[in-house]
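**Q** I would like the atomic coordinates for the input below:
(one chain, ligands or ions: 1)
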Amino acid sequence: MNRISKKLAAYFIISFLVLETVLMMYLHQNIVHTRVDEEYSRLLTSGSNHRNILKDHYSDETISHIVLMEAEGDSGVVIIGKEGEVIRSSDEKLEKLMPSFSFLQNSTTQNDRIVMPDWEDTPYIVSAHPYKVDEDRSGYVLMFQSSEPIERLVEKLNFHFSLAGGAIIVVLFVIYTILSKFLTRPLIRMKEATEKLSEGKFNVSLPAGGNDELGELAVAIRKLASDLERMKKERNEFLASISHELGTPLTYLIGYLKVAMRPELTDEEKNRYLLIIAEESNRMKDLVKNLMDLAKMDEMTFTVSTINFSAQQFIEDIYRLVIPSFDLKNIKLNLICKEDFQIVADPLRLEQIVLNLLDNALKYSNENTTVRLEISKEKHRTVISVKDEGIGIPAEQIDMIYEKLFRVEKSRSRTFGGSGLGLAIVKELVEAHGGTIEVKSESGKGSLFTLRI
Ligand code: ADP
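**A** Modelled structure (predicted):
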């Protein structure tokens, strides 16, 4: 449950600790180096002062004076002669270290310098100051500074830095607790909400988040929940409609079959019933075929292969195909194509679209009316319109006509023979072409469907 917060805290704490350690090490080293440099420069200054006095006033008295000055505290001095022999020292202990400085006898460097800088591994840091009074009286003033004060400083620093480190870890822990509360709690609530969704419970309650990514995620989950709920409701309604659509013709079929099987019927009566059975079976076949088409469109498994073809030719072919049905119902079909041009579309799908619209115009128009089929070019688009003078669609239902299995009046279907899938298919096909479809209709006056692809 808390894994994300642990991860976040781990990343946060590790990065902060790394940064803190680097900064502290840098600060620590800086303080120590500054302190050591101070010691070096103090040692070099007092050594060079002693050497200058010795050079100018070389005498036993001067030597005693120098040794006396350095006898106290953590420092010390050893004055050595030409051959490296000890002339005088402030502490006998220091004389024992003299073999380590034998290299000075062969040294040609005449500058003051630190000859033992390593305060960590040796008990003293040492500076050497060469002097020369005359040919016989020359040598070095060696200044000693105990490493102990520096070590004590380092120990103190270590203690204070560990204290600061500990305090920072405590502060980090407090920040982590606050962060996990403000950052991970909404995440955990969203996870719980999505789990509820996957169990089919759509009434998720997520508090309104801020304007950040978490707030946007909460909004997206709430939208997902309401979409899923709507889709579930639609699916149930759709299944109920399908069962009804298939159930009704099946009941008719069974009824007519039972009647047709009666032995006392004449051949003529039997044929009449068989014809009805055939008609009903065809209706069911069409319904199932349309449903299959829609399922394919929903799954995006159908393809639209666009080519260029003549508008004039296309519309004339359709006209030839449908005119017998219009003549049969005594409805005039006017064809308008002012100039020929090239349509870019899938000809079979476009034919399916136009046939569906003409089929509706025919179904929902009365005798002695006119249907107008017009095709024209608008910039790079093809505009096809089908206008009828039929029964029209009530304004309050016009938005629903593209829904699957929607019919203005259920009773219309038996009279006109529709399944409520035609316009749903038309819309999917038009959209698959990247086009649009719009309708204008008035009850009792007629409808105008216009598509642009
Ligand atoms: P159907 O197979 O029932 O015609 P459609 O999806 O093609 O199904 O149309 C949905 C509903 O829209 C129809 O049942 C009908 O009520 C209404 N409709 C469609 N076209 C027209 C039209 N040209 N005139 C009047 N009503 C129409």
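**Q** CA atoms for contacts and neighbours, from now on please.
**A** Fine.
**Q** Could you pull up the contacting residues of the residue of the stretch 201-350 of the chain found nearest the ligand?
**A** Proximity to the ligand, evaluated over the stretch 201-350 of the chain using Cα to the nearest ligand atom, is greatest for L287 at 9.0 Å. Counting by Cα atoms under 8 Å, 6 or more residues apart in numbering, L287 touches S419, L421.
**Q** Which of the helices or strands spans it?
**A** Here L287 sits within helix 267-298, counting by DSSP states H and E.
**Q** swap in I125?
**A** Going by DSSP H and E, I125 is in strand 124-132.
**Q** any idea of the angle the helix or strand following that strand forms with strand 124-132?
**A** Next in sequence after strand 124-132, counting helices and strands by DSSP H and E, comes strand 138-146. Counting by axes from the mean of the first three to the mean of the last three Cα atoms, to 10 degrees, strand 138-146 lies at 160 degrees to strand 124-132.
**Q** any chance you could map the helices in the stretch 301-450 of the chain?
**A** Taking DSSP state H, counting those that start in this stretch, the helices of the stretch 301-450 of the chain run over residues 311-328, 347-363, 410-416, 422-432.
**Q** packing partners for the longest helix along the chain?
**A** Of all the segments assigned as helix in the chain under DSSP state H, the longest by residue count is helix 3-56. Secondary-structure packing of helix 3-56 (3 or more Cα pairs under 8 Å, 6 or more residues apart in numbering; DSSP states H and E): helix 60-70, strand 113-116, strand 124-132, strand 138-146, helix 148-179.
**Q** Could you export the ones you listed as JSON lines, including mean neighbour count, mean pLDDT and distance to the ligand?
**A** Output for those, formatted as JSON lines (neighbours: other Cα atoms under 10 Å; pLDDT from 0 to 100; distance: least, Cα to the nearest ligand atom, whole Å):
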{"stretch": "helix 60-70", "mean neighbour count": "16", "mean pLDDT": "91", "distance to the ligand": "112"}
{"stretch": "strand 113-116", "mean neighbour count": "18", "mean pLDDT": "88", "distance to the ligand": "101"}
{"stretch": "strand 124-132", "mean neighbour count": "24", "mean pLDDT": "92", "distance to the ligand": "100"}
{"stretch": "strand 138-146", "mean neighbour count": "24", "mean pLDDT": "92", "distance to the ligand": "102"}
{"stretch": "helix 148-179", "mean neighbour count": "14", "mean pLDDT": "88", "distance to the ligand": "55"}
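**Q** Which one, of the helices of the stretch 301-450 of the chain, ends up nearest to E155?
**A** E155 sits nearest to helix 422-432 of all the helices of the stretch 301-450 of the chain, at 78.2 Å, using Cα to Cα.
**Q** gap between that closest one and the chain center?
**A** 33 Å (Cα atoms, centre = their mean, to the nearest Å).
**Q** How much space separates the nearest residue to L358 once chain neighbours are set aside from N334?
**A** Nearest residue to L358 in three dimensions, chain neighbours excluded: V386, at 6.9 Å (Cα to Cα, 6 or more residues apart in numbering). As judged by Cα to Cα, to the nearest Å, V386 and N334 stand 10 Å apart.
**Q** now K181
**A** For K181, the distance to N334 - Cα to Cα - is 72 Å.
**Q** hmm, back to that, which one of V386 and N334 has more residues nearby?
**A** Neighbours per residue, other Cα atoms under 10 Å: of V386 and N334, the larger number sits with V386, 22 against 14.
**Q** measure that one to the ligand for me?
**A** 8 Å (Cα to the nearest ligand atom, to the nearest Å).
**Q** Tell me the confidence at that residue?
**A** For V386, the pLDDT comes out at 97.
**Q** do the same with the one 4 residues further on
**A** According to the prediction, G390 has pLDDT 92.
**Q** Phi first, then psi, for the closest residue to E83 other than its chain neighbours.
**A** Residue nearest to E83 in three dimensions, not counting chain neighbours: Q105, with 6.9 Å by Cα to Cα, 6+ apart. Main-chain torsions, Q105, degrees, to the nearest 10: phi -60, psi -30.
**Q** Hmm, Q105 is touching G84, no?
**A** Yes - between Q105 and G84 there is a contact under Cα atoms under 8 Å: 6.4 Å.
**Q** okay, those two: which has more neighbours?
**A** Using other Cα under 10 Å, the more surrounded residue of Q105 and G84 is G84, with 18 against 13.
**Q** next one: the helix or strand hosting E234 to chain centre, how far?
**A** Applying DSSP H and E as the criterion places E234 in helix 213-260. With Cα atoms, centre = their mean as the basis, helix 213-260 stands 33 Å off its chain's centre.
**Q** State the mean pLDDT of that helix.
**A** 85.
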